[in-house]
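S.K.: predicted coordinates and the sequence they were generated for:
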Amino acid sequence: MLFNSPTFLLFLVAVFALYYAFPRGRMLVLALANAAFYAYAGVGYFLLFGCIVASVYVISKFLGGKRGKLALGAGLFVVLGNLIFFKYSMFLLENVERALGITLSLQGTAFDDRMIALPIGISFYSFQLVAYLVDVYRGKLKPSQSLFEFWVFIALFAHSAAGPILRGNDFLPQLRNIKSIIMRTPRVKLGLAFLLLGLFKKVVIVEKIAPYVNEYFDKAQTLSGVESWIASYLFAFQIYFDFSAYSEMAVGIGFLLGLRLDLNFKTPYLSSNANEFWRRWHITLSQWIRDYVFIPLGGSRVANWRIYVNLIAAMTISGIWHGAAWTFIIWGLYHGILSAAHRMYAKGMKSLGWTKLLHSRLYKVFAIAVFFHLTVIGWVFFRANSWSDAIYMLKKMTMMDGIQFTKEHLLLLALVAGLYLLHIIEYVIVKNFKRWSLAWEFSIPAIIRGAIYAIVAIVLLMLLMNGESSSFIYFQF
């Protein structure tokens, strides 16, 4: 059930109405809504998801006892075993076959086409379950006392298909206070604003970019250097607007229900270095990697060389999480090297006494431009259909021999410039949102504001009804 589909909008209206009509039954409403959302994607995978959630709930009861380590191991085995089987088993099998020079026959089995359908949201709910198990084991979180509550926390339809990743310490207290939530007009309006923003990004921007991205990457080995850069630029904005659209719609649904979900993006292409980028891009995953991978490896409390190794290892794991392909692993490794290189660079600048330069406005603009292009280079690995396609495109992008611009090239580069300008405008609006929203409320008559809201909503709904709803990119992860 796609967020950008009429079916989901009707589903959301029904959930919203029942949620506020029956305050004492809100947990039941959300539990049933979650079940309907996942069953719509496939009853078998919904039942599997339910079994995984129930198993972790039972195991978490033993995390504080004498056999806590054993319980933690059992919980991680259940969660990660499920993730590895569905997401990585075919990848591992193919690489073992390649290493041994053999081909195993799967004919007559359920996997004779060497494909396993990926359950919706498996990576996101797996990471959320891992965080819950570890936090309970460490004593940072008390285990949930209700399977009902635990199901709503893990499976909340607003976010678990593609994030943001929720933490128990933040979200469980909200669920325990759910009966007292009052429908407040400002909060509902903010929720609708986030929903409309997400729909605008998906329907108006992403759906227009996607055909060009698909066309270029499908013929990757025929592209020129200019076309390779254009394809990578466009994909950079496609994946940003697509993923941030979903996340903002999730936040909007949270506001409608009186629940707080974290923003996952803060205009990441205005970052001047790798560390800043990961504080702005997929923020909840970055925090998860920091807390459950980087810090347990030693974090920044070890020798410098170990810190660099930890950064590279953590980001490589992030790449593996994104997908079962060497291109994703290289993408994660690449960002790990960028993070380590930035740390090394910052230390060198400090030792030379040049830290003031790092804070100058001119340097900041230069650094943003450089790092944006480094990010775009990384996206080639992320999007390319194969390793050979990625290498071909990168060679063309770096050599840039025989540069020629056609009319289509110039139009698409103008589109890229317009998308970056839109990204800057988004940053300015977010930065001044409170002040401007108050001015909007007090200076524009209510009837005009209402008419503008209605026109925007009607236009977006018309585009939604007339076009084909495509899946969000991160649904495949």
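M.R.: Yep, it's here. Numbering: from 1, shown residues only.
S.K.: and the residue positioned nearest the centre of the chain, how far is that from I289?
M.R.: For the chain, the residue nearest the mean C-alpha position is H282 (5.1 Å; CA atoms, centre = their mean). As judged by CB to CB, to the nearest Å, H282 and I289 stand 9 Å apart. Glycine gets a C-beta too; all of them are placed from N, C-alpha and C.
S.K.: and what of I102?
M.R.: 35 Å.
S.K.: ok, these two, which is more surrounded?
M.R.: For I102 and I289, the more surrounded residue by other CB atoms under 10 Å is I289, and the numbers stand at 20 against 8.
S.K.: quick check on that one: phi, psi?
M.R.: phi -60, psi -40 (degrees, to the nearest 10).
S.K.: what of the one 10 residues further on?
M.R.: Backbone torsions for G299, taken as degrees, to the nearest 10, come to phi 60, psi -130.
S.K.: read off the pLDDT value for L464.
M.R.: As predicted, L464 sits at a pLDDT of 63.
S.K.: what's the local residue count around H373?
M.R.: H373 has 15 neighbouring residues, counting by other CB under 10 Å.
S.K.: centre of the chain to whichever strand or helix holds it, how far?
M.R.: Assessed by DSSP states H and E, H373 sits inside helix 361-383. Counting by CA atoms, centre = their mean, to the nearest Å, helix 361-383 is centred 19 Å from the centre of its parent chain.
S.K.: kindly report the same for stretch 254-273.
M.R.: Stretch 254-273 has its C-alpha centroid displaced from the chain centroid by 10 Å (CA atoms, centre = their mean).
S.K.: for stretch 121-130, same thing?
M.R.: Taking mean C-alpha positions (CA atoms, centre = their mean), stretch 121-130 and its chain are 12 Å apart.
S.K.: where does pLDDT dip in this structure?
M.R.: 1, 105-115, 162-163, 402, 436, 438, 440, 460-477 (pLDDT under 70).
S.K.: how is it carved up into domains?
M.R.: Domain ranges of the chain: 15-181, 186-466, per automatic domain parsing.
S.K.: using a markdown table, lay out those together with distance to T7.
M.R.: Shown next, in a markdown table, are those (distance: least, CB to CB, whole Å):
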| stretch | distance to T7 |
| --- | --- |
| domain 15-181 | 8 |
| domain 186-466 | 11 |
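S.K.: looking at these, which is closest to F3?
M.R.: Judged by CB to CB, the one of these that comes nearest to F3 is domain 186-466, at 5.0 Å.
S.K.: related to what we said a few turns ago, does the closest residue to the residue nearest to the centre of the chain other than its chain neighbours sit in a helix, a strand or a coil?
M.R.: Leaving aside its chain neighbours, H282 sits nearest to N264 (5.9 Å; criterion: CB to CB, 6 or more residues apart in numbering). Following DSSP: H, G, I helix; E, B strand; the rest coil, N264 is assigned to coil.
S.K.: strands of this protein, start to end?
M.R.: In the chain, no strands are defined using DSSP state E.
S.K.: counting neighbours, what do you get for the closest residue to P164 other than its chain neighbours?
M.R.: In space, and not counting its chain neighbours, P164 is closest to T284: 4.1 Å by CB to CB, 6+ apart. When neighbours are counted by other CB under 10 Å, T284 registers 22.
S.K.: ok, now how distant is T284 from F265?
M.R.: Distance from T284 to F265, by CB to CB: 10 Å.
S.K.: thinking again about what came up before, what's in contact with the helix holding H373?
M.R.: 213, 217, 228-229, 232-233, 235-236, 239, 269-274, 277, 322, 327-328, 330-331, 334-335, 338, 357, 390, 393-394, 397 (CB atoms under 8 Å, 6 or more residues apart in numbering).
S.K.: can you count the residues close to G121?
M.R.: 25.
S.K.: just to revisit the earlier point, list the contacts of the residue nearest to P164.
M.R.: G163, P164, I165, L166, D262, N264.
S.K.: so who does the fifth one touch?
M.R.: Spelled out, it's D262. Applying CB under 8 Å, 6+ apart, the residues contacting D262 are P164, L166, D170, V251, I283, T284.
S.K.: with respect to N304, which of the residues you listed is nearest?
M.R.: After measuring the contacts of D262 against N304 - CB to CB - the closest member comes out as I283, at 26.3 Å.
S.K.: any idea how far the nearest residue to V152 once chain neighbours are set aside lies from N385?
M.R.: Closest residue to V152 apart from its sequence neighbours, by CB to CB, 6+ apart: L30 at 4.8 Å. L30 is 39 Å from N385, where distance means CB to CB.
S.K.: neighbour-wise, which of those two wins?
M.R.: L30 (26 against 13).
S.K.: quick one: contacts for the residue nearest to L147 when sequence neighbours are not counted?
M.R.: Of all residues not flanking L147 in the chain, Y57 sits nearest, at 5.1 Å (CB to CB, 6+ apart). Contacts for Y57 (CB under 8 Å, 6+ apart) come out as S144, L147, F150.
S.K.: just the buried residues from the residues you listed, in ChimeraX please.
M.R.: Only the buried entries of the contacts of Y57 go into this ChimeraX selection, using 16 or more other CB atoms under 10 Å:
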select :144,150
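S.K.: out of the contacts of Y57, which is nearest to F124?
M.R.: Distances from F124 to the contacts of Y57, taken by CB to CB, are shortest for F150, at 15.9 Å.
S.K.: surely the closest one and V53 touch.
M.R.: Yes - F150 sits in contact with V53 when judged by CB atoms under 8 Å, with a separation of 6.6 Å.
S.K.: great, nothing more from me.
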